[in-house]
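> Show me how the following folds:
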Amino acid sequence: MSVPFLKVLQPGILTTIQDTGRFGYQRLGYTQSGAMDDFALRIGNRLVGNPENEAGLELTFLGEEFLFLCDAVIAVTGADFCPEINGNTIPMWQSFLVKKDSIISFRNRKYGARVYICVRGGFDVPRILNSKSTDLKSAFGGYMGRKLQSGDILSIPGVDLASDYIDKRFPEELVYNNYRWQDQPLTTRVTLGPDRANFTEEGYKTLLESEYEISEKLDRQGYQLAGPKIEHSSKGPNIITNFTSLGAVQVPGAGVPIILMKDRQTSGGYAKIANVISPDISKLAQRGMGDKISFESVDISQTRDLFIDQEKIINKTELDSVRRCFSFRVQVDDESYIVKVEEVDCR
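Numbers count the residues shown, from 1 in each chain. I've put the predicted structure just below:
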């Protein structure tokens, strides 16, 4: 039975429901959608005991505030916007029990660009084309096919307060190793091509030896960069329109690179000089306007190894228990209470 879970008090700049994406429909003109940083989403789902591809909330930058309408087990991952519940700082990358009538807010950006809130059981929204993700351009999926607005109420399938998924924590050093927030510029690894013939050797040298800045033209569709112009060959910047891929680095006639992200168009006619490897998409998704990036070329074999390494981190890492704890629902007269019992060493 569907249970009201969250009321939107302040939606922030852009808050949507996203899972890991919509696959197999690009040939029909439907974009992939999905969490920009699926590393953070997948870990958040693991922390609360959901399947990794379950939908969560994706928050972009600051200003969000939500009211919890029932008790639930949640986790907050991704960027650090100094989350608070009822004015008290809460831990990130950790699952915990939140009580009904509590308010969660995000006031200050410490680092990163996108926060994820995962709830045990997931959000109760329709699965369209095998995904709950919001497709903003086609206006379907997620919550009514749009970003959240003040007053919206989100539901979950039911309240599940399983104690096995309370106070689970993802190791802090693995978070640091994945994002390396302090790195400026961020080194973004790419495979070169596929449209090699459309660029000169000097063009490739420019790409790999220059520092670029993420411009103000950035959204879920793509990041336009500012920096040295990339030289095209005599074949020019245009190709016969074909499919696009996540992380493709297009270079239009002006010579400025554009990195395609989750809401990219399904096909395009600009030459692609390179493609960001999938393990680096989450890092890129957490960067914003003014952040610096550089590019490093890797081959297919290296890309495979890096992908396997990241999957091992996500799927094989044992989640630490902050402490053993148990939650019980207690009925006293007409009132229902959640009692949390923590194990302590009494020696």
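> quick one: the helices in the protein?
Along the chain, the segments classed as helices by DSSP state H run 38-48, 172-179, 201-209, 281-285, 300-316.
> Point out the most buried one among the ones you listed.
helix 38-48 (a mean of 26; mean count of other C-beta atoms under 10 Å). For glycine as for every other residue, the C-beta is placed from the backbone atoms N, C-alpha and C.
> between that one and helix 172-179, how many degrees?
With axes from the mean of the first three to the mean of the last three C-alpha atoms, to 10 degrees defining the directions, helix 38-48 sits at 160 degrees from helix 172-179.
> Residue ranges in the stretch 201-347 of the chain under the pLDDT threshold?
316-318, 320-347 (pLDDT under 70).
> Mind doing that once more with 90?
Residues of the stretch 201-347 of the chain meeting the criterion pLDDT under 90: 313-347.
> contacting residues around the spatially closest residue to residue 170 that is not a sequence neighbour?
Spatial nearest neighbour of residue 170, chain neighbours left out: residue 93 (4.4 Å); criterion: C-beta to C-beta, 6 or more residues apart in numbering. Counting by C-beta atoms under 8 Å, 6 or more residues apart in numbering, residue 93 makes contact with 43, 47, 75, 76, 77, 169, 170, 172, 175.
> what do you get if the cut-off is 10 Å, keeping everything else the same?
40, 43-44, 47, 75-78, 80, 168-172, 174-175, 319 (C-beta atoms under 10 Å, 6 or more residues apart in numbering).
> rewinding a little: and residue 140, which of the helices of the chain is closest to it?
Closest approach to residue 140 among those (C-beta to C-beta): helix 38-48, 19.8 Å.
> Would you mind checking the average pLDDT for the closest one?
Averaging pLDDT along helix 38-48 gives 97.
> Give me the neighbour count for residue 210.
16 (other C-beta atoms under 10 Å).
> Touching, it and residue 255? I think so.
No: with contacts counted by C-beta atoms under 10 Å, residue 210 stays clear of residue 255, the gap being 11.4 Å.
> Mutual contacts of these two, please.
227, 228, 229, 230.
> where do the strands sit along the stretch 201-347 of the chain?
211-218, 222-226, 238-243, 248-250, 258-260, 267-270, 272-276, 292-297, 320-321, 325-332, 335-342 (DSSP state E, counting those that start in this stretch).
> could I get the helices of the chain as a markdown table with distance to residue 3?
As requested, those are arranged in a markdown table below (distance: least, C-beta to C-beta, whole Å):
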| stretch | distance to residue 3 |
| --- | --- |
| helix 38-48 | 15 |
| helix 172-179 | 31 |
| helix 201-209 | 51 |
| helix 281-285 | 31 |
| helix 300-316 | 29 |
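> do you know which of the ones you listed lies nearest residue 194?
So among the helices of the chain, helix 300-316 is nearest, using C-beta to C-beta, at 12.1 Å.
> could you check the angle helix 38-48 makes with that closest one?
Our comparison of helix 300-316 with helix 38-48, counting by the same axes, to 10 degrees, yields an angle of 20 degrees.
> can you give me the angle helix 300-316 makes with strand 272-276?
Going by the same axes, to 10 degrees, helix 300-316 makes 30 degrees with strand 272-276.
> Could you give the separation of helix 300-316 from the chain centroid?
With C-alpha atoms, centre = their mean, to the nearest Å as the basis, helix 300-316 stands 18 Å off its chain's centre.
> repeat for stretch 88-107
Between the centre of stretch 88-107 and the centre of its host chain there is 19 Å, according to C-alpha atoms, centre = their mean.
> same question for that stretch, mean pLDDT?
Mean predicted lDDT for stretch 88-107 stands at 95.
> Fine by me, we can end here.
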